[in-house]
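# build me a model from this:
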Amino acid sequence: MNLEITVKNYRCFNEVHPATLPLHRGTTALIGTNNAGKSTLLRLFYELRPLFAHLAEDPAVWLRLLNESLPAPMPLGLTDRSTLFHRHSSGDLVFSIRVLDCDFQRAKPDPHPYAVPHEIDLVLSRKKFHLRGRIDGKRGRFQLVDARSSHARLVGGESGMATASWPVLRDLFAALADTFYIGPYRALRPLASPERSYDLHLGAAHVGGLLHLASGRGAREQVQRLEQDMKAVFQFKSFRVAVEGATPELQFEIDGDRYTLDELGSGIGQVFLILGQALLRRPAYLFIDEPECHLHPSIQSDFITALNGYARKAVFLATHSMGLARTAGDRIHQVARHPSGTFTTVSRYRPEERLSEVMGEINFSVQQQAGCKKVLLVEGPTEVKAIRQFLRHLGQDRQVVLLPLGGSSMINSHRDDELVEIARICPDVYALVDSEKPRAEDPLPSERRGFFQSCQKAGITCHVLERRALENYFPRAAIQSVLGRGFRELGPHDDVKRRYSHWPKSENWKIVRAMRPSDFQSTDLGHFLLSVLQAPCQVERAEPGNR
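Model (predicted):
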């Protein structure tokens, strides 16, 4: 389900300026200064987890919630529940959920339609810490109809009628309770250490438990997935991990050399720790604070992409790095503390910076030092992740910096100066955009034709896809391995939005990851990407001694 949550009177978010956040598939980045409230918003889902789990247990809980009230479970990690409320106001905490679309799947076929609520309000009393609820603005006189069937539903309301299927409510709140929160402190500890930081076990024994199960085929495949992700994030030629010795100890074999836990850098250790536990948990939603810690800018985005592969629904990150937010986030929200210090606001970030400023934000000069010599302009954040997977299939995903243009609306004929600027910063710049042509013989839309001409003026090689968009290159097997058997490949010029109303573009990178090189190498897309990789650099990176 795609949801939108709004919370009032929770910690630094008051009633007048509530925090609203979309819970959509893909990655959402929260950007802001220190102590602005980014971590607080992520921690909301950790602290209210017992409440969400309680609401997924039994429809009888909902009858009490909607008709009367019930004592709320103690928030996770708190001893003083009063700290949950905004301290500069006296109102109750309100947690509202808007259901934007529903992808609920029944375990067994059922001819009865299910009723999806549009809005759910949970009100937590400040004085008694009791919980009461509303479905579509209605409460009171609710009954459970067809209680023993798969289409059990709650029906009622004193001023009008509201209906919600119990299986839908159960699925929604079970997902909200199935979260994994990773705080900013995450130093890997020796194997037997019992320490933990929020959901993250700092002792390596928690991951070591998976390795002991690796004799089974399924478990070994999972461990291999973890090892492949570690290779991809850090660009290792080989990476293997095992538990060895009479006193079990983690051993790492990296590019032919053996290392103990103490010999690993903090960046490698924390990424292994997080990916390993994400693999074990497979949460619906994953929340991570300051994922850039101890990691070079050139690998931060790959780390978030790897994490996304273990979250069933979405990843949320809080960061100080606008560069990471741009390259890893499908959506960016700005969190800002009011000058009075009494409340925090959350707003959708709508960038207007020039492309040259974006290059600065993503630390292009630092990435050049790491070996990235070329720049490839792509449409938006979802294309950044998808094209990186194509490049990985070709074995060269770190040789090119991928720069999002800002979405389809930003591909036009009015960016001449920006394109000239980035061509001066890096002479090896390329661009790849969709054609958006409904038929092969149709002319290129005027805005895209104008962008192509602007690239030519700036000396930038721009390739317009022969097919309508990137999705038109995906084969059926790869699509179905990610989205399910209800999806099939598109024709060369089919419009994905018309063909499928619920195609999640944020999952495109997973589809590309499931492809084989032979699926795209003979297409114009494959030829262009290969030409970018094989083209000689116009200006070689200066060696330290030659500067």
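# neighbours around Gln228, how many?
If you count neighbours by other C-beta atoms under 10 Å, Gln228 ends up with 12. The C-beta positions use only the backbone N, C-alpha and C, and glycine is treated the same way.
# secondary structure class for it?
helix (DSSP: H, G, I helix; E, B strand; the rest coil).
# per-residue pLDDT, it?
What the model reports as pLDDT for Gln228 is 93.
# now it: how far from Leu76?
According to C-beta to C-beta, to the nearest Å, Gln228 stands 33 Å off from Leu76.
# same question, Phe95
Phe95 sits 15 Å away from Leu76, going by C-beta to C-beta.
# higher neighbour count, these two?
Taking neighbours as other C-beta under 10 Å, Phe95 and Leu76 compare with Phe95 leading, 23 against 17.
# the more buried one should be in a strand, yeah?
Yes: per three-state DSSP, Phe95 lies within a strand segment.
# which stretch of helix or strand covers the residue found closest to it once you drop the neighbours it is linked to in the chain?
For Phe95, ignoring the flanking residues on the chain, the nearest one in space by C-beta to C-beta, 6 or more residues apart in numbering is Leu122 at 4.5 Å. Counting by DSSP states H and E, the element that carries Leu122 is strand 119-124.
# in the stretch 301-450 of the chain, what spans have low per-residue confidence?
For the stretch 301-450 of the chain, the stretches with pLDDT under 70 are 351-372.
# ok, now the chain?
For the chain, the stretches flagged by pLDDT under 70 are 105-111, 186-194, 203-219, 245-248, 351-372, 539-547.
# any idea how far Ala72 is from the residue nearest to Lys374 when sequence neighbours are not counted?
Ranked by C-beta to C-beta, 6+ apart and with sequence neighbours excluded, the top spatial neighbour of Lys374 is Asp428, at 4.2 Å. Note on Asp428: its distance to Ala72, by C-beta to C-beta, is 58 Å.
# do Ile299 as well
42 Å.
# over to Gly267?
Separation of Gly267 from Ala72 (C-beta to C-beta) stands at 40 Å.
# which of those two has more neighbours?
Ala72 (22 against 17).
# not counting its neighbours along the chain, what's nearest the more buried one?
Nearest residue to Ala72, sequence neighbours excluded (C-beta to C-beta, 6+ apart): Leu131, at 4.3 Å.
# for that neighbour, phi and psi?
According to degrees, to the nearest 10, the main-chain angles of Leu131 amount to phi -120, psi 140.
# report how many residues lie close to it.
Leu131 is flanked by 23 other residues according to other C-beta under 10 Å.
# need the contact list for it.
51, 65, 69-72, 122-125 (C-beta atoms under 8 Å, 6 or more residues apart in numbering).
# nearest to Ile135 among these?
Distance to Ile135, by C-beta to C-beta, is smallest for Leu65 among those, at 9.4 Å.
# and the closest one, how many neighbours?
Neighbour count of Leu65, defined by other C-beta under 10 Å: 25.
# what residues are up against it?
Applying C-beta under 8 Å, 6+ apart to Leu65 gives the contacts 55, 122, 131-133.
# does it belong to a helix, a strand or coil?
Using three-state DSSP, the structure places Leu65 in helix.
# any idea how far it lies from Gly156?
Distance of Leu65 to Gly156, given as C-beta to C-beta: 12 Å.
# list the beta-bridge partners for the residue nearest to Ala72.
For Leu131, the residues forming beta bridges with it (DSSP bridges) are Leu70, Leu124.
# would you map the helices across the stretch 201-350 of the chain?
Secondary structure of the stretch 201-350 of the chain by DSSP state H, counting those that start in this stretch: the helices cover 205-212, 217-234, 266-281, 297-308, 322-328.
# please identify the most buried of these.
With neighbours defined as mean count of other C-beta atoms under 10 Å, the helices of the stretch 201-350 of the chain peak in mean count at helix 322-328, which reaches a mean of 25.
# tell me what that one is packed against?
Under the contact criterion of 3 or more C-beta pairs under 8 Å, 6 or more residues apart in numbering; DSSP states H and E, helix 322-328 touches strand 26-31, helix 297-308, strand 314-319, helix 355-361, helix 381-393, strand 400-404.
# so for Ser454, what's the nearest residue that isn't a sequence neighbour?
Spatially, and ignoring its direct neighbours in sequence, Ser454 is nearest to Asp416 (4.8 Å; C-beta to C-beta, 6+ apart).
# in stretch 469-488, which residues are buried?
Using 16 or more other C-beta atoms under 10 Å as the test for burial, stretch 469-488 gives 469-475, 478-480, 482-483, 487.
# list the contacts of the closest residue to Trp509 other than its chain neighbours.
Ranked by C-beta to C-beta, 6+ apart and with sequence neighbours excluded, the top spatial neighbour of Trp509 is Lys385, at 3.8 Å. Applying C-beta under 8 Å, 6+ apart to Lys385 gives the contacts 305, 328, 508-509.
# okay, among those residues, which ones form the most distant pair?
Farthest pair in the contacts of Lys385, by C-beta to C-beta: Ala328 and Asn508, 14.5 Å.
# of the contacts of Lys385, which is the nearest to Trp166?
Nearest to Trp166 among those: Asn508, at 33.7 Å, using C-beta to C-beta.
# is it true that the closest one lies in a strand?
No: counting by three-state DSSP, Asn508 is not found in a strand; it is helix.
# and it, how many neighbours?
When neighbours are defined as other C-beta under 10 Å, Asn508 has 25 of them.
# tell me which residues touch it, please.
382-383, 385-386, 470-471, 474.
# what residues are up against Pro492?
440, 466-468, 472.
# out of these, which are buried?
For the contacts of Pro492, a burial check counting by 16+ other C-beta under 10 Å picks out 466-468, 472.
# ok, Tyr500 - how many residues close by?
Neighbourhood size, Tyr500 [other C-beta under 10 Å]: 17.
# which ones are touching the closest residue to it other than its chain neighbours?
Using C-beta to C-beta, 6+ apart and skipping the chain neighbours, the partner closest in space to Tyr500 is Phe487 (6.4 Å). By C-beta under 8 Å, 6+ apart, Phe487 lies in contact with 479-480, 500, 503.
# phi first, then psi, for Phe487.
With angles defined as degrees, to the nearest 10, Phe487 sits at phi -120, psi 150.
# ok but Arg134 is inside a helix, no?
No: Arg134 is assigned strand when assessed by three-state DSSP, not a helix.
# that one and Glu119, how far apart?
To Glu119, Arg134 is 8 Å away according to C-beta to C-beta.
# where do the contact lists of these two overlap?
Residues touching both Arg134 and Glu119 (C-beta under 8 Å, 6+ apart): none.
# coming back round to it: closest one of the contacts of Phe487 to Asp146?
Of all the contacts of Phe487, Asp146 sits closest to Tyr500, with 31.7 Å by C-beta to C-beta.
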